[in-house]
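Undergrad: Sequence and predicted structure below; questions after.
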Amino acid sequence: MPQSRVFFALPPPPAVRDALARLAGAAAKRVEGRATRADSIHLTLAFVGDVDVAKLPLLDSIGSRIRGAPFMLALDTEGGFRRARVAWIAPSHAPDALRALQQALAQALTGDGFRLEARPFAAHVTLARHCRSLPEASAAVAPVDWPVHHFALWESSGVAGGARYREIGRWMLRGD
């Protein structure tokens, strides 16, 4: 049966995406890595992985059941995951609304039989991959303020030079 590699994410609005793309370019130079393409910038909420295409309607149903309020996300800390050789930007304090959204998705997914990663949620946006040098510690940076009004289901396709993402579902955060 055909498979699709999918994940739920926060896609940034254009102005935020552009600001993060500029930071990605600068970070990639500093850490000798490959900058994340602007059209790939996102914050992963729940990585689902490879699923049968026949289960995509169930994932759409899960997305439509999730309720949450819009919130402001301040990305104000840069750092890296040494083992993964990734440079990132993250909030120094994840808003309650972000944690609630991520937990609601995780509970709905596991309740419907999807297996998620066991590691704890670490809100971050990947700026660069395949980094040759990463900082020893995270550092405060000028914040990128991100008004979050929706979340999405993205499909990942492997292509030469990395992955390509395509949005296959989107849900507004309304606070109801």
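TA: Yes, it's here.
Undergrad: Low-confidence ranges, this protein, go.
TA: Where the chain drops to pLDDT under 70, the residues are 159-162, 176.
Undergrad: Output the residue ranges of the helices in the protein, listed in chain order.
TA: 14-31, 56-65, 96-111 (DSSP state H).
Undergrad: So for residue 144, which of these sits nearest?
TA: helix 14-31 (5.2 Å; C-beta to C-beta). To be clear about C-beta, it is placed using only N, CA and C from the backbone, and glycine gets the same treatment.
Undergrad: about what we covered before: same list as before, the helices of the chain that is, but in JSON lines and with mean neighbour count included.
TA: JSON lines is the format used below for those (neighbours: other C-beta atoms under 10 Å):
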{"stretch": "helix 14-31", "mean neighbour count": "18"}
{"stretch": "helix 56-65", "mean neighbour count": "15"}
{"stretch": "helix 96-111", "mean neighbour count": "16"}
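Undergrad: Out of those, which is closest to residue 167?
TA: helix 56-65 (11.3 Å).
Undergrad: so what does the closest one touch, helix or strand wise?
TA: When contacts are defined as 3 or more C-beta pairs under 8 Å, 6 or more residues apart in numbering; DSSP states H and E, helix 56-65 packs onto strand 3-10, helix 96-111, strand 150-159, strand 162-172.
Undergrad: can you rerun that using 10 Å?
TA: strand 3-10, strand 43-52, helix 96-111, strand 150-159, strand 162-172 (3 or more C-beta pairs under 10 Å, 6 or more residues apart in numbering; DSSP states H and E).
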